[in-house]
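Novice: Structure, please.
(one chain, ligands or ions: 1)
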Amino acid sequence: MEFMLDTANIEEIKQYEKIIALAGVTSNPTIVKKEGDIDFFAHMKKIRGIIGMEKSLHVQVVATSYEGMLKDAEMILAKIDSNVFIKVPVSEIGLKAIKELKHRGVNVTATAIYTKFQAYLAIAAGADYIAPYFNRMENLNIDPREAIHEMAQEIARTNSQTKILAASFKNVGQVNAALENGAQAATMGVDIIKQAFDMPAIEKAVMDFTADWEATFGEKATIASL
Ligand SMILES: O=C(CO)[C@@H](O)[C@H](O)[C@H](O)[C@H](O)COP(=O)(O)O
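Specialist: Below is the predicted model of the structure:
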């Protein structure tokens, strides 16, 4: 399983790459907007500096024309680095760009996926990752569990290398469901990770262990001090 952070916030990335087994960082123009008026390429390079070249960095094109998407991709690859996964929404024009980018040997993440058919087309085009939008699908009354399951089946049927990078999560249950239905990767905001540990039962277990230890060895004793 690959756990990615869906954020462009430097402090969050610095903090959470130490906490989770981080596989990569994703963003989109809406996520970038939250960082204010940044120097975009310098900011992305800074993120790369934090996560290193081993982890994947996914950066989205913003142009809406085919030529524009290819130019955006060229700039991203030139100004950040050539390992970046170029995120392209799976529209008709986006699919054309994905085909061309794969023809050029570029790493591609096919994003904004709401339907199985978009996913099937992106898999056939050779996308490295496909990103179904879990919560947004639910909001549209599309069952993301069934859709992700079928996407995984299609990948297996066609013996394809594409991985499912599920996105758009609002709670931990959705992440579990995506992974259990065949997604190899999930990208999420740090709010989801915080939510995962925000359980009185976890806190109580830790406090009970501490109390028992202190009752036995005294308040100041740690294992290291024995
Ligand atoms: O597509 C990817 C990763 O490939 C994500 O960055 C993706 O754009 C975001 O998770 C979604 O757009 C966020 O969706 P939402 O939270 O606005 O519903």
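
Novice: Where does the residue most central in space within the chain sit: helix, strand or coil?
Specialist: Central residue of the chain (Cα atoms, centre = their mean): Thr187, 2.6 Å from the mean position. Following DSSP: H, G, I helix; E, B strand; the rest coil, Thr187 is assigned to strand.

Novice: again with Ile123
Specialist: Taking three-state DSSP, the label given to Ile123 is helix.

Novice: residue contacts, it?
Specialist: Ile123 makes contacts with 130, 151, 154-155, 158, 160, 162, as judged by Cβ atoms under 8 Å, 6 or more residues apart in numbering. Heads up, the C-betas are built off the backbone N, CA and C, glycines and all.

Novice: CA atoms only for the lengthiest helix in the chain - export them in PDB, please.
Specialist: The longest helix of the chain (DSSP state H) is helix 200-217. C-alpha atoms of helix 200-217 as PDB (Å, rounded to 0.1, in the frame of the first residue of the first chain):
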ATOM      1  CA  PRO A 200     -10.300   8.100  23.300                       C
ATOM      2  CA  ALA A 201      -9.600   4.400  23.400                       C
ATOM      3  CA  ILE A 202      -6.100   4.800  22.100                       C
ATOM      4  CA  GLU A 203      -5.400   7.700  24.500                       C
ATOM      5  CA  LYS A 204      -6.900   5.600  27.400                       C
ATOM      6  CA  ALA A 205      -4.700   2.500  26.500                       C
ATOM      7  CA  VAL A 206      -1.600   4.600  26.600                       C
ATOM      8  CA  MET A 207      -2.500   6.300  29.900                       C
ATOM      9  CA  ASP A 208      -3.400   2.900  31.500                       C
ATOM     10  CA  PHE A 209       0.000   1.500  30.500                       C
ATOM     11  CA  THR A 210       1.800   4.500  31.900                       C
ATOM     12  CA  ALA A 211      -0.100   4.300  35.200                       C
ATOM     13  CA  ASP A 212       0.700   0.600  35.600                       C
ATOM     14  CA  TRP A 213       4.300   1.200  34.900                       C
ATOM     15  CA  GLU A 214       4.600   4.100  37.300                       C
ATOM     16  CA  ALA A 215       2.800   2.100  40.000                       C
ATOM     17  CA  THR A 216       5.400  -0.600  39.600                       C
ATOM     18  CA  PHE A 217       8.700   1.300  39.100                       C
END
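
Novice: by contact count, what packs against that helix?
Specialist: Packing partners of helix 200-217 (3 or more Cβ pairs under 8 Å, 6 or more residues apart in numbering; DSSP states H and E): none among the helices and strands.

Novice: Spell out which residues of this structure are next to the ligand.
Specialist: 6, 26-28, 58, 87, 109, 111, 131, 133, 135-136, 165, 167-168, 187 (Cβ under 6 Å from any ligand atom).
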